[in-house]
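J.: I'll drop the sequence and a predicted model, then ask my questions.
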Amino acid sequence: MAVHRPSTHRSSAHRDARDASRPGRAGRVAAVGLAAVLAVASALGGAVPASAAPAYDWGSFTVQRAASGAGFVGTMTLDGGFPATSFTTNASGATAPSGASVWQADGTPPGAVYQSSRGQTYLNLRPLRNNPTPAAASVTTYAFDGLTPSTGWSFVLGDIDADQATIAATGADGLPVATAALGFQGVYNYCRQPGGPSCDPAGVGDVPRWDETTSTLIGNPAGSDTEGASGWFSPSVPLSSLTVTYQQRVGSPVYQTWFATRTSAASGIARSTVDGTTTPYAGGAVTVTDASGRTIATTTTDADGAYTLPALTAAPGYTVTITPPDGADGATSRTFSLVDGDRADLDFAFTTTTAPEPATVDITGTITDETGDPVADTPIEIIPADEPTAPDVSTTTDDTGTFDAPGLAPETDYTIIVDGDTDRPIEFTTPALDAPNPPLELALPDAPVDPTPATVDITGTITDETGDPVADTPIEIIPADEPTAPDVSTTTDDTGTFDAPGLAPETDYTIIVDGDTDRPIEFTTPALDAPNPPLDLALPDAPVDPTPATVDVTGTITDETGDPVADTPIEIIPADEPTAPDVSTTTDDTGAFDAPGLAPETDYTIIVDGDTDRPIEFTTPALDAPNPPLELALPDAPVDPTPEPTPTPTPEPTPTPVPATVSVDGTVSDILGAPVTDAPVEVLPVESADVVAASTTDASGAFVVDGLAPDTDYRLFVDGYSVAVFTTGADDVSLGSLILVRGVVPTPDDPIGGPSVGGPGTGLAFTGSDTGAPIGVAAGLVALGLVLTAGAAVRRRRAAVEERE
C-alpha cells in the first residue's frame, strides 16, 4: 500500500547516515518540469582504520547484515588494550561512515579530551521502525571481551533531536550499573565548531537533554530535525556490556555513536646484579594485566634491559610482571596507574650471588686384591658415605692398581666400589685441607661367603589306611607356606621309611605321596636342640564323593485317544539342561515306566519316541514328600495353520507437494513514473514487526524477495515506506507495478489505499493498475511541485557537498 509522507528537511548528517546504507545508489526526485539528480557514494565495505594522534584513539567500526537477514552485527576496535568489542542490533539500518563529513572537532567537549575524530569511522543506526513506541525502538548491545577500564575512555551519541536514546550497562558481576556510573559528561552541538563540520547552517545550536531518572538522552521538545545535538559519557566503573535503546519521536531519524580512549605509555629498565656487577637484563618477558586480571600487552626487554608499552588506556589498576633471571632475587611485579599520564619508572632490579667453589683435596692410591696383586685396569666409583647413591668420582685403575681421585671433600668418609661389586666396599677418609696427604694403600676385602643355614634331618615311616607300609613310593616334602616349592624329593624304601635331611627347624611341612594332593600328610620339624625321634605317619583315607539324594519316579503315559503309549522309548531330560538326558527307558505294554535316580524338586521333560514337538513336562517331588505314580498324557500333534492369502495393497494417492517457500516480485516507480532503483525492500508479517525477508530494487526498479511462507499475510516496505499488503498461496506472487509516494507519515487512523493483494476487499492497492488512482495523484503533484521548486536550490547545494564526500 502507498504511504504518503510530508516533505521534511534532512541534515547533512542524516543524509550521510541514510546514504551510507545504500552503496552506489542514485536517487532521483522530480516535480512538474523540475528535475534534480542526487548522487551520494558512501561505500560499505568494512571499517576504515583509525589514524588517531599518539596518546589518543577513536574507535574503528565494521558492520554487516546479520546472517539471519534481520538486523546487523559488527565490531568496534580501540587501542590501548581496550577489550575486543562486538555488537548486535535490530536496527532497520546500520552503516559505518568514514568520518570525512561528520566528526568530533577539537573544540567539542570530547574533542578537547581525545582530539579530533575526523577521518575516523563511526556508527549510524536507525530505529527498528519509525513509530514513537518502545516496541518500534532498535536495541543495540555492545559486548566487551573482558571488562572495560574504569576511566580513560568515553562514548558519544550524536544527532539526538527528533528521537531519544536510553542507555543501560552491566558491570563486572553481570548486574545493571547505576545511572551515575555511566558517567554522563554533558550535552553540546558538534556543528559550527572550530575545525568542525559545516553543518547547522542556520546556527540553531540544538542540544538534547539528559533524564537521569530514566537514563535517557532526549531530543528537543518540538521533535525538530536539527543537526549536531550530542551527549557524551565516561563510565566510572568497569563494564561487561553497554546497551542503547533508540526510539523515534518524529520523522525518520538516525543517530551516531563514537568510542574514544586516551592512552599513556608504561616503560622501565630491568637490571641484573651478579656478584656485585650490574648489567642490563635483556630478554626478560614482560606482561601487563589490567584491573580485572586480563592480559592486555606483552613485550621483551631489549639489549639495554629497557621495555616500553606505548599505548595503554589511561586507567588505574595495572600490574606489570617480568620473568626473573635464573636464581635471582628481587620483585617480579609492580602495580601502577596511568590516570595521570605516562609512567617511565617501572624498573626491575635483580640480584644474584653465586656460591664460592668448595675447597677440595686430591687423592691418589693403590688397590690390591686378597692375594696382594694389584687390581689393575679396573673401573672404580668413589662415593660419599653419606650419599651412597651419588658417586663423586668415577675412574679406572692403571696396570699397577693405582688411581687418581681429584676434587674430593676434605675430612669426609668415602667408599670405593670396585668393578660394581657392592659386597666388597673399600672405605677411607680424606685428610683435612692442610694435613699430610700420602698415597693410600688399599686392599680389596675377601669375597663374602654365605653362611650355611642351620637345619634338622628327619626320618620317618608312612603306612596306608590298612596299616601296611607305603613302600617304594616317591614323596615330596613341601614347606606349608610355600606349597609350590618342594624342599625334598625322595622315595620310601620297602618298609615305607624315608630320610629328609636339611629341613628348616620348627617349620610346618606337607608330604605329598605319589602326587596325590587329595591325601596330604602334615608334620612340624623340631627345634635345633629338641629331641628328634623318627616320625610314624599314616596316609589319610582316600576321599569318597557323597552320593546325591535322588527320588524314583513311576508313571503311565497315554496318547490323545486315552490308549497307553506302549513299548515306546522315552527320554527324561532336566528342563534346564535340554541336551543332556537323565534317564532313557521304554514304557511297558500298559504305557508304564520307571525313572530311578532323578533330582528332587526339579523340572523334567519327557520326549516320547524322539518327538520333540510333543513334550510332556512334570516336576519331581521333594525327598520326603508323597510320590504317587504319575498319570501323563501325550499332547495332541500340532497342526500347521492354513496360511491366509496376502492381500494386494491399494496404492496410496500421491499428494500434491506444497512448496516450502514462495517469492514475491514487482516493479517500483515514483509518482512521476521513474524507476525507484537500489532501494531496500523488506517484507514483514502483518501481525509482526520483524523483517522476515529482504531484497533491493535493480536499475529498472524491479525486485524479487524469496523465502516467504505460503498462505501468509504480509506487508511490503520500500525504502522504509509501506507499499502493499498481500497474501501468499501455493505459487509465487507478482505484485506488478507499484508506486512509491514518499513524504507521508501514516497515522493509526490513515486508511489503506486498497485491499491486500490476493486478499478480500474492494478495489486494488495503488500499484499502477488502478486507472482512477493517477487522477488523484496528479492533483497532489501540482501542490507538491510548488514545494519542490522552492527547495530545489537548497537541494542542489547539498548534493554538491555530498558528491565531494
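T.: Noted; the coordinates are in hand. Residues are numbered from 1 along each chain as shown.
J.: so how far is Thr301 from the residue nearest to Thr278 when sequence neighbours are not counted?
T.: Excluding the flanking residues, the one nearest Thr278 by CB to CB, 6 or more residues apart in numbering is Arg271, at 5.4 Å. The way it works is simple: take the backbone N, C-alpha and C, and place the C-beta from them, glycine included. Counting by CB to CB, to the nearest Å, the separation of Arg271 from Thr301 is 10 Å.
J.: what do the two both touch?
T.: Pro280, Tyr281 (CB atoms under 8 Å, 6 or more residues apart in numbering).
J.: neighbour-wise, which of those two wins?
T.: Just comparing Arg271 and Thr301: by other CB atoms under 10 Å the higher neighbour count belongs to Thr301, 23 against 17.
J.: my read: Ala500 touches Thr455, true?
T.: No: look at Ala500 against Thr455 with CB atoms under 8 Å: they stay out of range, at 10.1 Å.
J.: In terms of neighbours, single out the busier of these two.
T.: Neighbours were counted for Ala500 and for Thr455 using other CB under 10 Å; Ala500 has more, 21 against 15.
J.: Please give me every residue in contact with that one.
T.: By CB under 8 Å, 6+ apart, Ala500 lies in contact with Asp457, Ile458, Thr459, Gly460, Ile477, Asp487, Val488, Thr490.
J.: Please apply the same query to Gly99.
T.: Applying CB under 8 Å, 6+ apart, we find Gly99 in contact with Val48, Ser117, Arg118, Gly119, Gln120, Thr121, Tyr122.
J.: pretty sure it is in a helix, no?
T.: No: Gly99 is assigned coil when assessed by DSSP: H, G, I helix; E, B strand; the rest coil, not a helix.
J.: Would you check that Asp508 makes contact with Ala480?
T.: Yes: in terms of CB under 8 Å, Asp508 counts as a neighbour of Ala480; the distance is 3.8 Å.
J.: burial count for Ala306?
T.: Burial measure for Ala306: 16 neighbouring residues, criterion other CB under 10 Å.
J.: And for Asp508?
T.: Every residue meeting other CB under 10 Å relative to Asp508 is counted, giving 13.
J.: And the pLDDT for it?
T.: Here, the pLDDT recorded for Asp508 equals 93.
J.: Pull the contacting residues for Phe144.
T.: Pro83, Ala84, Thr85, Leu239, Ser240, Ser241, Leu242.
J.: any idea which of those residues has the most stuff around it?
T.: Within those, most neighbours by other CB under 10 Å means Leu242, with 24 neighbours.
J.: That residue: what's it in contact with?
T.: Contacts of Leu242 by CB under 8 Å, 6+ apart are Thr141, Tyr142, Phe144, Phe155, Ile167, Ala168, Ala169.
J.: Try it again at 6 Å.
T.: Contact partners of Leu242, counting by CB atoms under 6 Å, 6 or more residues apart in numbering, are Tyr142, Ala169.
J.: now it, which residues is it bridged with?
T.: Leu242 forms beta bridges with Tyr142, Ala169, as assigned by DSSP bridges.
J.: Need phi/psi at Gly365.
T.: Dihedral pair for Gly365: phi -170, psi 170, per degrees, to the nearest 10.
J.: helix or strand right after the helix or strand hosting Pro425?
T.: Here Pro425, judged by DSSP states H and E, is contained in strand 421-429. Next along the chain after strand 421-429, taking DSSP H and E as the criterion, comes strand 440-443.
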